[in-house]
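In: What follows is a protein structure lacking sequence information:
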């Protein structure tokens with residue numbers, strides 16, 4: 001076998017030992033499993049002592065060798081399936097991971113999640129080398145600092161992969177990307193490889209649920225909690241109970257649910273799930289704008305949050321009291337209309353009102369944020385009345401889901417190059433005409449004129465763009481808010497609270 005391949009296999013096994021994925025007794029076995037994936041029967045181990053932060057280098061070398069040897073198709077999807085199978089040779093079995101997690105949990109819940117998160121990164125399920133390429137900055141707004149990210153870690157499919165997916169036979173297994181059956185799945189042209197994926201069983205309110213991390217972590221310890229049953233998303237009384245039960249089990253994490261309707265919901269509405277993690281979002285830091293007392297629930301602290309979206313915050317020691325009040329708010333909101341605020345609960349039999357709920361712990365108290373959502377469309381706003389408006393689509397056109405509701409923008413990779421060109425146009429006026437004439441810059445023309453009119457110094461162009469994106473994201477959140485932060489909007493919000 002190629003000497004470089006011998007070294008790459010040796011480096012990969014050594015990486016597994018260094019990161020605690022395997023023990024010394026597993027080394028020969030792991031090497032042989034890797035050779036089986038490579039389809040070779042000979043191996044000359046090489047002594048290696050380099051310490052790798054992540055396994056990208058030896059994996060890339062082995063994929064290149066396999067492609068050159070005709071063992072691997074030349075597209076990204078095939079390469080990811082292949083290098084995931086290589087990492088599966090180093091990843092502990094699910095039962096080992098589960099036993100270790102719960103043994104640590106009995107000592108300290110934080111120790112359990114620390115172990116599990118480190119395993120998910122070490123096994124390359126979370127591709128740390130890609131995550132570190134993401135761009136992140138803080139943007140001040142009247143509602144506090146928002147967090148802006150340009151996400152480069154989730155790769156776009158190349159044309160070859162798209163063609164392969166189109167021509168591939170369709171399968172109903174696993175039923176979706178979130179099903180627990182993905183654990184160990186080889187992957188396909190339409191489904192991501194998950195050979196190194198491990199799940200933690202998590203009982204919630206008498207049902208079987210599972211904890212996992214997002215492979216594209218948008219924030220620290222970004223986790224997903226999914227139902228064992230493949231069933232549609234539904235925000236209900238049981239959702240509130242499960243959210244609060246989760247933060248009882250893992251009080252250092254928050255947990256929230258995307259809304260259960262299109263436009264205002266997440267990208268996957270076919271499988272009931274939540275998202276959480278060990279991170280404090282800007283919305284969680286926002287104070288109450290005004291207090292509200294709900295009749296019959298005087299023991300629950302409540303109020304309207306000072307936030308561009310419409311958020312009712314509940315706080316108290318008794319979980320069931322928060323569940324009862326949240327359920328009342330949801331029930332009233334499902335059927336509530338206020339034409340003066342452009343809120344209609346239904347169009348014919350089509351429902352429009354729902355809630356994005358988020359739970360967290362504050363010492364001995366529970367905190368539940370309820371974000372009111374409406375997915376109605378109009379002629380003027382065919383993508384959604386309470387959705388990013390067309391004037392801001394040059395920055396973001398996609399749904400405002402749970403993560404962005406809370407003040408973290410996930411912006412498309414195209415903005416990295418487009419904002420670099422914009423900064424060049426602002427700092428080199430003599431080239432601005434040529435730069436702004438490019439097809440991809442057409443959508444930014446109005447914004448460019450606005451930035452230019454502020455007479456920024458050329459050396460401040462990049463920061464001006466970052467601040468400008470933060471301002472636009474704040475306005476987008478205002479678009480998504482059902483009650484606008486105006487005197488009329490505040491009065492309408494109070495009317496709803498009164499209706500509850």
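Out: Thanks, I have the structure now. Computed from a predicted model, the values in this text were never measured in an experiment. Numbering: from 1, shown residues only.
In: Poorly predicted segments of the stretch 51-200 of the chain, please.
Out: Low-confidence segments of the stretch 51-200 of the chain, defined by pLDDT under 70: 154-171.
In: Which stretches in it count as strands?
Out: Counting by DSSP state E, counting those that start in this stretch, residue ranges of the strands within the stretch 51-200 of the chain are 135-141, 144-150, 200-204.
In: Would you mark the buried spots in the helix or strand following the shortest one?
Out: Going back to what we said before, that points to strand 200-204. The helix or strand immediately downstream of strand 200-204 is strand 207-213, counting by DSSP states H and E. Judged by neighbour count (16 or more other Cβ atoms under 10 Å), strand 207-213 contains these buried residues: 209, 210, 211, 212, 213. All C-beta atoms are positioned from the backbone trio N, CA, C, and that covers glycine.
In: And those, which is closest to residue 343?
Out: In terms of Cβ to Cβ, no member of the buried residues of strand 207-213 lies closer to residue 343 than residue 209, at 32.9 Å.
In: contacting residues for that closest one?
Out: When contacts are counted by Cβ atoms under 8 Å, 6 or more residues apart in numbering, residue 209 touches 201, 202, 203, 225, 226, 227, 228, 242.
In: biggest helix in this structure by residues?
Out: Secondary structure assigned by DSSP state H gives helix 461-480 as the longest helix of the chain.
In: Tell me how far that one lies from the chain's centre.
Out: With Cα atoms, centre = their mean, to the nearest Å as the basis, the distance from the averaged C-alpha position of helix 461-480 to the chain average is 20 Å.
In: quick check: angle from that helix to strand 135-141?
Out: Between the axes of helix 461-480 and strand 135-141, defined by axes from the mean of the first three to the mean of the last three Cα atoms, to 10 degrees, the angle is 70 degrees.
In: What are the contacting residues of helix 461-480?
Out: Helix 461-480 is contacted from outside by 137-143, 146, 148, 264, 307-309, 373, 386-389, 392, 395-396, 400, 404-405, 407, 409, 411, 415, 419, 422-423, 426-427, 447, 450-451, 454, 456, 484-485, using Cβ under 8 Å, 6+ apart.
In: again, 7 Å this time
Out: 137, 139-141, 143, 146, 148, 308-309, 386-389, 392, 395-396, 400, 409, 419, 422-423, 426-427, 447, 451, 454, 456, 484-485 (Cβ atoms under 7 Å, 6 or more residues apart in numbering).
In: Okay, and which of these map to strands?
Out: Of the positions in the contacts of helix 461-480, 137, 139, 140, 141, 146, 148, 409 sit in strands, assigned by DSSP state E.
In: Any regions of the stretch 351-500 of the chain where pLDDT drops low?
Out: Counting by pLDDT under 70, the ranges of the stretch 351-500 of the chain that qualify are 455-456.
In: let's go with 80 and repeat that
Out: Applying pLDDT under 80 to the stretch 351-500 of the chain picks out residues 455-459.
In: Then the stretch 201-350 of the chain?
Out: Counting by pLDDT under 80, the low-confidence segments of the stretch 201-350 of the chain come to 266.
In: ranges for the strands of it?
Out: Across the stretch 201-350 of the chain, reading from the start of the chain, the strands by DSSP E, counting those that start in this stretch fall at 207-213, 223-227, 254-256, 273-277, 288-291, 301-305, 311-316, 346-347, 350-351.
In: As JSON lines, the contacts of residue 209 with neighbour count and distance to residue 258 would be great.
Out: Converted to JSON lines, the contacts of residue 209 look like this (neighbours: other Cβ atoms under 10 Å; distance: Cβ to Cβ, whole Å):
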{"residue": "201", "neighbour count": "14", "distance to residue 258": "22"}
{"residue": "202", "neighbour count": "20", "distance to residue 258": "18"}
{"residue": "203", "neighbour count": "10", "distance to residue 258": "22"}
{"residue": "225", "neighbour count": "23", "distance to residue 258": "12"}
{"residue": "226", "neighbour count": "24", "distance to residue 258": "12"}
{"residue": "227", "neighbour count": "21", "distance to residue 258": "13"}
{"residue": "228", "neighbour count": "15", "distance to residue 258": "19"}
{"residue": "242", "neighbour count": "24", "distance to residue 258": "14"}
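In: Just name the closest of those to residue 114, please.
Out: Minimum separation from residue 114 among the contacts of residue 209 (Cβ to Cβ) is found for residue 202, which lies at 16.6 Å.
In: which residues touch stretch 225-245?
Out: Counting by Cβ under 7 Å, 6+ apart, the neighbours of stretch 225-245 from elsewhere in the structure are 175-176, 178-180, 202, 204-205, 207-211, 246, 255, 257-260, 265, 269-274, 276, 319, 322-323, 326-327, 330, 354-355, 357, 359, 366, 368.
In: Ramachandran coordinates for the most centrally placed residue in the chain?
Out: In the chain, the C-alpha closest to the average C-alpha coordinate belongs to residue 218, at a distance of 5.1 Å (Cα atoms, centre = their mean). Phi and psi for residue 218, reported as degrees, to the nearest 10, are phi -90, psi -10.
In: ok, now residue 481?
Out: For residue 481, the backbone dihedrals are phi -70, psi 130 (criterion: degrees, to the nearest 10).
In: re the thing from before, hmm, which of the ones in strands among the contacts of helix 461-480 are the buried ones?
Out: Members of the ones in strands among the contacts of helix 461-480 that pass the buried threshold by neighbour count (16+ other Cβ under 10 Å) are listed as 137, 139, 141, 146, 148, 409.
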